[in-house]
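K.L.:
Quick one: sequence and predicted model below, then my questions.
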Amino acid sequence: MTELVDKTRREQFAQAAGDPAHPLRVSAGKWGRSGYVHAAVLYLVARLVSVGALAAMAAPRNLPLGDRLQAWDGWWYLQIAEHNYTGVSNPLDAAGLPYPDASYGYFPLYPALTGLLEKLPGVTYFGAGILLSTLAGIAAATAMYRIGRLVHSPRAGLLLAVLWGAAPMAIAESMVMTEALFTALAAWALVGELERKWYLAAFATLFAGLTRSTACVLVAVVVIAAAIDVWRNKQRWNALVCVFVAPLGLLGYWMFVAVQTGSLTGWQDVELRGWNTRFDTGAEAWQWITHTLFTSGNAWETLVVLVTLTAVALAVITVTGRRVPWPLAAYAVGVVVLVLCSAGLPALKSRFLLPDFALLLPVAMGLAGRKRSTMIAATTVFVLVGAWYSAYSLTVWKYAI
């Protein structure tokens, strides 16, 4: 019986290979020509270049590649995935003192999904984290392709996926970090908003709120857009559902931490004591930028400042260019404002800006209108520079993550 089934399958594929109109071949051809597939492949190429650059710069310094890919926050996520929040080994605060609540600074979705993937045969917690980030990055790239296609053209969508995959500190997309997962959820939430698919927007935003605090910007954008749709279309109940569902992830986790710590501002308290991170309306950012540019800043911090200022310039272009839909522009500007107004660890700002993929949309649209040779050359340079930036941050500077 098995031999008969195998023979039938071989005949089917033989027919598909010989007949251009055969359904199997037509289906395969559609997948091969799919912009989503192209976006995923080009994104993965950019990531391979970046990881390759990291490996090349780490080897002479006797820094194992695996250790680099789970550095800093990665250790916390793996600890939470394996031991839950209360089992983290020797949690410390910013002053190096024991602080059992420190793990609550990290949102639960990434470690929860890592723990699920670890249950696959032969998969370690580290391997599960890398697999999760890779799959999430592909999901983000496909969402960006769809956004670029909606706003401008398929070529702009492909470019947006590549540019985000090669942006400064894009190495975090291949690490045990939340950047890829959050960006995938944020991008698909904005797809839902642009296409008025409010259930998609609602649940993608809900899960984004369980991934990182940057979701506060996404929640605001999605809820306002859904509320406007409710106002304009009185019978649009799915938009009304989105208004109430979208914030539940972020608010739910903050309430959970409040209960665990016994403080209404529990998560903010953990961030302050654990990482000296707080909202200061931009005072520290201004002092850090001016000090770095005009006094005794080192070369690497100067480069981070330039990346930050470039993000500000792109935010202005996104708003004033009149080609970007307002939800994307609002998200782009909102993330930049949040990063600038959050004090603590200023050298990490280029990584904190990574989920702000919408900043790259005007660049992608601009390149999409250029000659093919110009577009390829500019994108290639961007990929190589971004790969060096990421590799340098994890090998030479070591403190940018």
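P.N.:
That came in fine, so what should we check first? No experiment lies behind these values; they were computed from the predicted model shown. Residues are numbered from 1 along each chain as shown.
K.L.:
wait, Met57 sits on Tyr392?
P.N.:
Yes: using C-beta atoms under 8 Å, Met57 makes contact with Tyr392 at a distance of 6.9 Å. Bear in mind the C-beta positions are built from the backbone N, C-alpha and C, glycine included.
K.L.:
which residues of the stretch 51-200 of the chain score low on pLDDT?
P.N.:
Applying pLDDT under 70 to the stretch 51-200 of the chain flags no residue at all.
K.L.:
Check the stretch 301-401 of the chain too.
P.N.:
For the stretch 301-401 of the chain (pLDDT under 70), the answer is 398-401.
K.L.:
Now do the helices in it.
P.N.:
With DSSP state H, counting those that start in this stretch as the definition, the stretch 301-401 of the chain shows helices at residue ranges 326-340, 349-352, 361-368, 372-392.
K.L.:
among the ones you listed, which is the most enclosed?
P.N.:
Most buried of these by mean neighbour count (mean count of other C-beta atoms under 10 Å) is helix 349-352; its value is a mean of 24.
K.L.:
by contact count, what packs against it?
P.N.:
The contact analysis (3 or more C-beta pairs under 8 Å, 6 or more residues apart in numbering; DSSP states H and E) places helix 349-352 against helix 299-320, helix 326-340.
K.L.:
quick one: contacts of the first one?
P.N.:
Residues outside helix 299-320 that contact it (C-beta atoms under 8 Å, 6 or more residues apart in numbering): 168, 285, 288-289, 292-293, 297, 324, 328-329, 332-333, 336, 339-340, 346-347, 349-350, 353, 356, 358-363, 389, 392-393, 396-397, 400.
K.L.:
how close does Trp267 get to Trp254?
P.N.:
Going from Trp267 to Trp254 by C-beta to C-beta, to the nearest Å gives 5 Å.
K.L.:
out of the two, which sits in the more crowded spot?
P.N.:
Neighbour count, other C-beta atoms under 10 Å: between Trp267 and Trp254, Trp267 has more, with 23 against 18.
K.L.:
what sits against the more buried one?
P.N.:
Trp267 touches Tyr104, Gly105, Ser213, Tyr253, Trp254, Val257, Ala258, counting by C-beta under 8 Å, 6+ apart.
K.L.:
switch the cut-off to 7 Å
P.N.:
When contacts are counted by C-beta atoms under 7 Å, 6 or more residues apart in numbering, Trp267 touches Tyr104, Trp254, Val257.
K.L.:
Could you list every helix and strand in contact with the helix or strand where the second one lies?
P.N.:
This means Trp254. Under the criterion of DSSP states H and E, Trp254 resides in helix 248-261. Contact analysis of helix 248-261 by 3 or more C-beta pairs under 7 Å, 6 or more residues apart in numbering; DSSP states H and E lists helix 198-208, helix 215-232, helix 266-275 as its packing neighbours.
K.L.:
I'd like to know how many residues surround the residue lying closest to Cys341 once chain neighbours are set aside.
P.N.:
Of all residues not flanking Cys341 in the chain, Gly282 sits nearest, at 4.7 Å (C-beta to C-beta, 6 or more residues apart in numbering). By the criterion of other C-beta under 10 Å, Gly282 has 15 neighbours.
K.L.:
how distant is the host helix or strand of Ser133 from the center of its chain?
P.N.:
Applying DSSP H and E as the criterion places Ser133 in helix 125-151. Its chain's C-alpha centre and that of helix 125-151 lie 8 Å apart, by C-alpha atoms, centre = their mean, to the nearest Å.
K.L.:
Specify the angle between that helix and helix 361-368 in degrees.
P.N.:
70 degrees (axes from the mean of the first three to the mean of the last three C-alpha atoms, to 10 degrees).
K.L.:
mind listing what's buried in helix 125-151?
P.N.:
Neighbour counts over helix 125-151 (16 or more other C-beta atoms under 10 Å) mark 125-134, 136-151 as buried.
K.L.:
just stretch 152-167 next, same as before
P.N.:
Neighbour-count burial for stretch 152-167, counted by 16+ other C-beta under 10 Å, picks out 152, 155-167.
K.L.:
Kindly reformat those residues as CSV containing secondary structure and distance to Leu42.
P.N.:
Below are the buried residues of stretch 152-167 laid out as CSV (DSSP: H, G, I helix; E, B strand; the rest coil; distance: C-beta to C-beta, whole Å):
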residue, secondary structure, distance to Leu42
His152, coil, 17
Arg155, helix, 11
Ala156, helix, 13
Gly157, helix, 10
Leu158, helix, 6
Leu159, helix, 9
Leu160, helix, 10
Ala161, helix, 6
Val162, helix, 5
Leu163, helix, 10
Trp164, helix, 11
Gly165, helix, 8
Ala166, coil, 10
Ala167, coil, 14
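K.L.:
Could you report the distance from the spatially closest residue to Gly386 that is not a sequence neighbour to Val245?
P.N.:
Leaving aside its sequence neighbours, Gly386 sits nearest to Ala166 (C-beta to C-beta, 6+ apart; 3.9 Å). Going from Ala166 to Val245 by C-beta to C-beta gives 34 Å.
K.L.:
same check, this time on Asp269
P.N.:
The gap separating Asp269 from Val245 is 27 Å, by C-beta to C-beta.
K.L.:
Then Val333?
P.N.:
Distance, Val333 to Val245, by C-beta to C-beta: 24 Å.
K.L.:
Restrict stretch 337-345 to CA atoms and write it as CSV.
P.N.:
What follows is stretch 337-345, C-alpha atoms only, in CSV (Å, rounded to 0.1, in the frame of the first residue of the first chain):
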residue,chain,number,x,y,z
VAL,A,337,9.7,60.5,21.4
LEU,A,338,9.5,57.6,23.8
VAL,A,339,13.2,56.7,23.2
LEU,A,340,14.3,60.3,23.7
CYS,A,341,12.2,60.8,26.8
SER,A,342,13.4,57.7,28.5
ALA,A,343,16.4,58.2,30.7
GLY,A,344,19.0,55.6,31.6
LEU,A,345,21.6,53.7,29.4
